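Fold the following and give me the result.
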Amino acid sequence: DTVYDIDSRVRKLTENQLCPRDGELGAALVDVVPDSSAGLANLMLSYSWKYRVKDIVAGLLEYCANEQLQASEVRVWICALCVN
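Modelled structure (predicted):
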């Protein structure tokens, strides 16, 4: 699936959730999915909505390996998941 393909599924998960920033319905995925490792992003991903999600994941894992980073310590800003 591409980022575009998953967008409608992400929105269905978040459309009835209150956004913690504006108090209105329609939160970002990062606001509603519990993740004890979540935190401020230390990497911003620029991508096309036509990219396949598995290619994005593979690219991020390769980046972590090349930079000798633990993937669990890298927090990535991906607008499709961080913007409501």
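
After the longest helix along the chain, which helix or strand is next?
For the chain, the helix that runs over the most residues, judged by DSSP state H, is helix 53-66. With elements assigned by DSSP states H and E, the helix or strand that comes after helix 53-66 is strand 76-77.

can you give me how far the helix or strand following that next one is from the chain middle?
Downstream of strand 76-77, the first helix or strand assigned by DSSP H and E is helix 79-82. In terms of CA atoms, centre = their mean, to the nearest Å, the centre of helix 79-82 is set 5 Å apart from its chain centre.

Which strands or helices does helix 79-82 pack on?
helix 3-14, helix 29-32 (3 or more CB pairs under 8 Å, 6 or more residues apart in numbering; DSSP states H and E). Quick note: C-beta positions are derived from backbone N, CA and C, even for glycine.

Who are the packing partners of the last one?
So that's helix 29-32. By 3+ CB pairs under 8 Å, 6+ apart, helix 29-32 packs against helix 3-14, helix 79-82.

CA-only coordinates of it in PDB, if you can.
What follows is helix 29-32, C-alpha atoms only, in PDB (Å, rounded to 0.1, in the frame of the first residue of the first chain):
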ATOM      1  CA  LEU A  29      -2.900   9.300  14.700                       C
ATOM      2  CA  VAL A  30       0.000  10.000  17.000                       C
ATOM      3  CA  ASP A  31      -2.500  11.500  19.400                       C
ATOM      4  CA  VAL A  32      -4.700   8.400  19.700                       C
END
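
what sits up against that helix?
Identification of contacts with helix 29-32 by CB atoms under 8 Å, 6 or more residues apart in numbering yields Val10, Leu13, Thr14, Gln17, Cys19, Pro20, Ala38, Leu81, Cys82, Asn84.

Residues touching the helix or strand following it, excluding its own?
The first helix or strand that comes after helix 29-32 along the chain, using DSSP H and E, is strand 43-44. Residues outside strand 43-44 that contact it (CB under 8 Å, 6+ apart) are Tyr63, Val74, Arg75, Val76, Trp77.
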